[in-house]
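J.: Give me a model of this one.
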Amino acid sequence: MDLVNNTINAFRKDYRKDFLDFLDEYSTLLGKKGDHFKQKIFKRAHDNLLSYNEPIYDTKDMSKINGFGPGIIKLLDELVSTGSVE
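T.: Numbering: from 1, shown residues only. Down below sits the predicted model:
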């Protein structure tokens, strides 16, 4: 069964780096806008994902990581489905 899962996962995209980049950029943008409360939330999510060493194949995987609530997950879903966030 591990061989099957490993083979399937080899064809799936790991979004970990994309999510890390987005969270870092969004946190910086929030800081520039003066929203330091949200900036800390996104920075914390970034740091928690940084210390999580498993691949992220779907935003459903984010529920395993502390600091990812429905708001951040919704933005990441948008990023996955459209390639950008408005």
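J.: What are the boundaries of the helices in this structure?
T.: In the chain, the helices defined using DSSP state H lie at 2-10, 16-32, 36-50, 70-82.
J.: Mean pLDDT lowest where, among these?
T.: Out of those, helix 2-10 stands lowest, with a mean of 55 (criterion: mean pLDDT).
J.: show me the contacts for the spatially most central residue of the chain.
T.: Most central in the chain under CA atoms, centre = their mean is Phe19, positioned 3.6 Å from the mean C-alpha point. By CB atoms under 8 Å, 6 or more residues apart in numbering, the residues touching Phe19 are Leu49, Ile56, Met62, Leu76, Leu79. The C-beta positions use only the backbone N, C-alpha and C, and glycine is treated the same way.
J.: what comes into contact with stretch 44-57?
T.: Under CB under 8 Å, 6+ apart, the answer for stretch 44-57 is 9, 12-16, 19-20, 23-24, 27, 61-62, 64-68, 72.
J.: OK, contacts around Leu30?
T.: Contact partners of Leu30, counting by CB under 8 Å, 6+ apart, are His36, Lys38, Gln39, Phe42.
J.: now the contacts of Phe19 as JSON lines including distance to Val85?
T.: Formatted as JSON lines, these follow (distance: CB to CB, whole Å):
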{"residue": "Leu49", "distance to Val85": "16"}
{"residue": "Ile56", "distance to Val85": "16"}
{"residue": "Met62", "distance to Val85": "15"}
{"residue": "Leu76", "distance to Val85": "8"}
{"residue": "Leu79", "distance to Val85": "5"}
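J.: Brilliant, that's me finished.
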